[in-house]
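Peer 1: Here is a sequence with its predicted model. Questions after.
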Amino acid sequence: MQYALSEELCEMSRAVETKAILEQSEPSLSPTMFRTIFGGLPAGVSVVTALDEASRPIGLTVSAVMSISLSPPLLAVCLDNSKYTLEAIKRRGHFGVNFLSGRQAEVSNNFAFGDHDKFAAVDWAASEHAGVPILKDVRAHAECAVWNVVEAGDHTLIIGHILSGAVSEERPLTYYSRQYVDLVFPQSFDRAGAAEGGSR
Ligand SMILES: Cc1cc2nc3c(=O)[nH]c(=O)nc-3n(C[C@H](O)[C@H](O)[C@H](O)COP(=O)(O)O)c2cc1C
């Protein structure tokens with residue numbers, strides 16, 4: 001048994017060494033090209049919210065939000081390691097995702113820029129189960145309990161178990177090429193990828 005354990009430890013240490021060698025020798029994409037690739041990818045805009053140690057509402061604007069699993073219902077948000085909100089979410093174990101509406105570009109800027117009380121200018125209410133801040137007039141919202149935390153480079157992926165959520169009639173706010181885009185008349189596509197009404 002002791003022998004098996006030490007073999008396992010050797011295997012783990014070999015894996016760590018291999019990762020370190022790969023990190024040193026593999027080529028790495030430049031930050032400029034990274035930003036160019038992802039700046040050209042349209043993304044929805046959300047505000048991730050939480051409560052700090054003193055139960056004050058905090059939050060930041062985020063485009064890195066994705067659905068993960070239907071059963072159980074899971075989503076993920078990706079936050080910069082330096083963010084205060086990330087620490088609060090890890091400590092308190094709950095967070096909210098507010099999917100902004102096309103009319104909320106100002107709300108996005110409010111939560112992305114400046115050193116001010118971000119909640120002074122917005123209407124919000126505590127969520128049903130976790131009491132995290134849910135902003136008014138959003139396209140949709142979800143309240144989550146932390147399911148898993150995955151460190152990845154200078155960001156951290158927070159996977160959340162969705163406790164509750166709701167959706168409105170509002171259109172979503174999107175961000176593309178460093179600008180907000182309000183999807184006024186989105187064109188629908190069928191399963192084959194052809195535009196509706198187009199030739200088949
Ligand atoms: C459209 C948009 C999308 C953003 N997406 C993210 C993101 O996915 N993750 C992240 O950590 N920061 C993202 N940011 C940056 C944060 O919103 C920004 O750093 C904010 O100032 C953080 O607030 P804080 O410094 O008070 O914590 C985004 C900003 C904008 C304008």
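Peer 2: Here it is on my side, so go on.
Peer 1: quick one: what helix or strand has the residue lying closest to Ala145 once chain neighbours are set aside in it?
Peer 2: Leaving aside its chain neighbours, Ala145 sits nearest to His161 (4.8 Å; criterion: C-beta to C-beta, 6 or more residues apart in numbering). (Glycine included, C-beta is placed from N, CA and C.) For His161, the host element (DSSP states H and E) is strand 155-167.
Peer 1: which outside residues touch the helix or strand that that strand is followed by?
Peer 2: Counting by DSSP H and E, the next helix or strand C-terminal to strand 155-167 is strand 173-176. Under the criterion C-beta atoms under 8 Å, 6 or more residues apart in numbering, residues 39-45, 63, 100-105, 108, 139, 180-183 lie in contact with strand 173-176.
Peer 1: The same query, at a cut-off of 7 Å, please.
Peer 2: 42-45, 63, 100-102, 104-105, 108, 180-183 (C-beta atoms under 7 Å, 6 or more residues apart in numbering).
Peer 1: Within its sheet, name the partner strands of that strand and how each one runs.
Peer 2: strand 43-44 (antiparallel), strand 179-182 (antiparallel) (DSSP bridges).
Peer 1: Going by mean pLDDT, which of those comes out lowest?
Peer 2: Comparing mean pLDDT across the strands paired with strand 173-176, the weakest is strand 179-182, with a mean of 90.
Peer 1: So what touches that one?
Peer 2: With C-beta under 7 Å, 6+ apart, strand 179-182 has contacts from Pro42, Gly102, Ala105, Ser108, Arg171, Leu173, Thr174, Tyr175.
Peer 1: Appreciated, that's everything.
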